[in-house]
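1. Would you be able to build a 3D model of this:
(2 chains)
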Amino acid sequence: MSTTTSPPTPRTKAEPAPERHTSDRAKAERKLGWLLAGPALAVMLLVTAYPIAQAFYDSLFDYRLTDPENRSFTGLNNYLVVLTDQLWWRSIGVTALITVVTVAVELVLGFGLALVMNKALKAIRPVLRAAILIPYAVITVVSAFAWQFAFDINTGFINSWFVWLPGVDSTTDWFGDFGTSIFVVCLAEIWKTTPFISLLLLAGLAQVPEVLQEAAQVDGATWWQRMRKVTIPNMKAAIMVALLFRTLDAFRVFDSIFVMTAGANGTETVSFLAYRQTISRLEIGLGSAVSVLLFLTVVGIAFTFIKGFKVDLSQARGDS
Amino acid sequence: MPRTTNHRVRSRAGRTARLLGAGAAAVVAASGLAACGSGDDGVPVLNWYINPDSGGQAEIASRCTDDAGGRYTIEVSQLPRDSPSQREQLVRRLAANDSSIDIMSLDPPYIPEFAQAGFFAPVPEDVAQRVTTDVVQSAVDGSTWDGELVTVPFWANTQLLWYRTSVAEAAGLDMTQPVTWDQLVEAAQGQDVRLGVQGIRSESLTVWLNALIESAGGSIIAENSTDPEDIELGLTSEAGVRAAEVLRDVSASGTGGPALSTANEDTTATDFEGDQGGFQVNYPFVYPRAQAAVEGGTLDQAVLDDYGWALYPRVDADTETAPPYGGINLGVGAFSEHPDFAYEATECITSTENQAYYFVSNGNPASDTTVYEDPDVLSEFPMAPTILESLQLAKPRPQTPYYSEVSGGIQREYHPTASVDPEQTPQDATELIEAVLRKEQLL
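-> Numbers count the residues shown, from 1 in each chain, chains lettered A, B, ... in the order given. Just a heads-up that it's a prediction; the model follows:
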């Protein structure tokens, strides 16, 4: 038996328009479309395209903020410096590690939470949703501090609570080496963003047609079979969109690293590297090059998801 | 069904956007008011950007406002908590010619960078004369760049060696004589107590390494220059290698506690108050901190009575120590609309009386040597004479406009301190910092 999905909604094709001639109505609709989307487009250009263009322009210069007179054009030299530096590649590795670990764990946990929310009694559903959303509503810096204080050897309670676990004792310094630091960073990220992924998945669950579930049940499918053959295939689009959003988000991780380790023990991520060059060193050129490369990496991830996994962004909104 | 939801969401988003817009407009309007530099009644308002403290600078600002007799008022605005973030915020605003910055409280290592970038209004000669009279040399040095006084010395900080009298006695250490790091490690190991040092990857680590190199007779920057490519580092010198040895030996001895690689000044102060407290190098704030803990009932009076203090440890028994120098100096913004009033205000802020008040109330030692004769200061801080002596020996951190690069490079290579290799680490750090200064490497 193959998977069961509802047939794709046939896209209603517009009547083939007469060649080289658009009707007045179509013209008016197009005009209205531009009028409606225009302001948003203008705002997007202003707040997104302009800074990106500016960053790219700056990245071509040797430019220190405190020494604007000696600004000089260096072409792609900054990119060469970044790409030949071991620190950049290590940061990419660390960022990728955090992304893969957090997104994978969040997907599983988020799916579980979505199932709970979906099946919960009507009476408690709103309360449950609100409760699950709380971590997501906490400002990342605040959550990072909370987790740091919890694990800190002086202020924290983790060491005394989990002293029975192998590898944990009263003198475990969580931020003292790479593995444990990354563990806490991932934990904080997972705690904070699982609600986001579970809400996206909940929307996907709601789209799975009840008729298919009932039909499968009548055919004698077990819960697990229904999950694998009916539920998951029908919400593939929602899962992929949730994965895409979270991956892009996770790849830009900054706050937790900044607060918890400040890059110590090799925990620098790419965003942190950009911050350090631009804001601490005031090397606008070099920092912009790091930012542009980070941007290109993120675009690459999005492109891979959309083309590689055929994610249809419009599917997730339920207006196919 | 989903469509209605969408609509609701959208209209809610619209409302939020409008609220945000209104909020942003209010902020812009408020900052516009602040930037115009005078109050409602036309009296110039001087904005003093302060580092967070226990309220002392705000009180001094109000005292100096009273002293000004209505010619100007001083308002304080708080900067971020740690000094690198304070620098980041001020630099970004000054690079944009922010005229709302009249007076700023600055950590000394960043002063050369600000001066080189032209972010300070020049100090008038008569003011320079007055604000350096009776001031400890380390604070004058810390306010100077390229042979010129560029800021006004305010308060001066230094680290002392704090010890538990009972522990030192049991270990047989004569604390009236200078002690070395080696002696302290041995005593701490023998008595099974902590020797508190700051091994966290932050400014504190640079402070420690700098004190060690200076105490060994060297400097992090051997040959200074305003051209980053001509700066010669002294990390691989004999003194540099000796400093790395002490750093490694102290860290690897295990006396720094299990969390040495994340230990900052607060951590070491907490450790010192605890059962295993033996020795620590730290700023004088640890004393009022312990007093407050006694008052709050979280610390035994007997522990406080056991506190002893001495000059910062020596690296070699027969070479004088060079304790860390820190504190705050006052810069006047180059784009200030009232530099003359601002300099007048800095003189009031740094008056002997106000420095004594700040010392007693906030625990921040004065740079003015006459403050150390004040009976209030002496009764509140019995270690004041040791602080003064320490300040006279203290050496600033490397003075260069590229301080962040130098300090950042040191922190990257010398952390964690327990795995420093005296032969290799200074070499690696030198190569890294030189490459970073040539803009050939990331930091």
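
2. Residues of the stretch 101-250 of chain A that sit close to chain B?
-> Taking Cβ under 8 Å from any Cβ of the partner chain as the test, the list of the stretch 101-250 of chain A residues beside chain B reads A:152-154, A:171-173, A:175-177. Every C-beta, even on glycine, is put in place using the N, C-alpha and C of the backbone.

3. Pick out the most distant pair among those.
-> Using Cβ to Cβ, those reach their maximum pairwise distance at A:Asn154 and A:Asp177, which is 17.4 Å.

4. how about the strands in the chain?
-> Assuming you mean chain A. A:61-62, A:72-73 (DSSP state E).

5. Can you look at chain B instead?
-> B:45-50, B:73-78, B:103-106, B:144-145, B:148-149, B:152-158, B:160-164, B:194-196, B:221-223, B:232-233, B:277-282, B:307-310, B:325-332.

6. Turn the ones you listed into a markdown table, including mean pLDDT, distance to chain A and mean neighbour count.
-> A markdown table is the format used below for the strands of chain B (pLDDT from 0 to 100; distance: least, Cβ to the nearest Cβ, whole Å; neighbours: other Cβ atoms under 10 Å in any protein chain shown):
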| stretch | mean pLDDT | distance to chain A | mean neighbour count |
| --- | --- | --- | --- |
| strand B:45-50 | 96 | 17 | 23 |
| strand B:73-78 | 95 | 17 | 18 |
| strand B:103-106 | 96 | 14 | 28 |
| strand B:144-145 | 94 | 13 | 22 |
| strand B:148-149 | 94 | 18 | 16 |
| strand B:152-158 | 95 | 21 | 27 |
| strand B:160-164 | 96 | 18 | 24 |
| strand B:194-196 | 93 | 12 | 27 |
| strand B:221-223 | 90 | 17 | 16 |
| strand B:232-233 | 92 | 17 | 18 |
| strand B:277-282 | 94 | 13 | 25 |
| strand B:307-310 | 94 | 20 | 20 |
| strand B:325-332 | 95 | 14 | 27 |
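
7. nearest to B:Ser361, of those?
-> Judging those by Cβ to Cβ, what sits closest to B:Ser361 is strand B:152-158, at 11.8 Å.

8. Against which helices or strands is that closest one packed?
-> Using 3 or more Cβ pairs under 8 Å, 6 or more residues apart in numbering or on different chains; DSSP states H and E as the contact test, the elements touching strand B:152-158 are helix B:125-131, helix B:137-142, strand B:325-332, helix B:339-349, helix B:352-362, helix B:384-393.

9. Go again with 7 Å.
-> helix B:137-142, strand B:325-332, helix B:384-393 (3 or more Cβ pairs under 7 Å, 6 or more residues apart in numbering or on different chains; DSSP states H and E).

10. contact partners of that strand?
-> Applying Cβ atoms under 7 Å, 6 or more residues apart in numbering or on different chains, the contact partners of strand B:152-158 are B:131, B:135-136, B:138-140, B:143, B:283, B:323-330, B:346, B:349-350, B:355, B:358, B:364-367, B:387, B:390-391, B:394.

11. Just the CA trace of that strand, in PDB.
-> The C-alpha coordinates for strand B:152-158 follow below in PDB (Å, rounded to 0.1, in the frame of the first residue of the first chain):
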ATOM      1  CA  VAL B 152      40.700  63.900  33.100                       C
ATOM      2  CA  PRO B 153      41.800  61.300  35.700                       C
ATOM      3  CA  PHE B 154      38.800  60.400  37.900                       C
ATOM      4  CA  TRP B 155      39.200  57.300  40.000                       C
ATOM      5  CA  ALA B 156      41.900  54.800  39.800                       C
ATOM      6  CA  ASN B 157      41.600  51.100  40.500                       C
ATOM      7  CA  THR B 158      44.200  48.500  41.300                       C
END
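
12. Now do it against strand B:325-332, angle only.
-> 160 degrees (axes from the mean of the first three to the mean of the last three Cα atoms, to 10 degrees).

13. List the buried residues for the lengthiest helix in chain A?
-> Counting residues, the longest helix in chain A under DSSP state H turns out to be helix A:86-119. Within helix A:86-119, the residues scored as buried using 16 or more other Cβ atoms under 10 Å in any protein chain shown are A:87-88, A:91-92, A:94-95, A:98-99, A:101-103, A:105-107, A:109-111, A:113-115, A:117.
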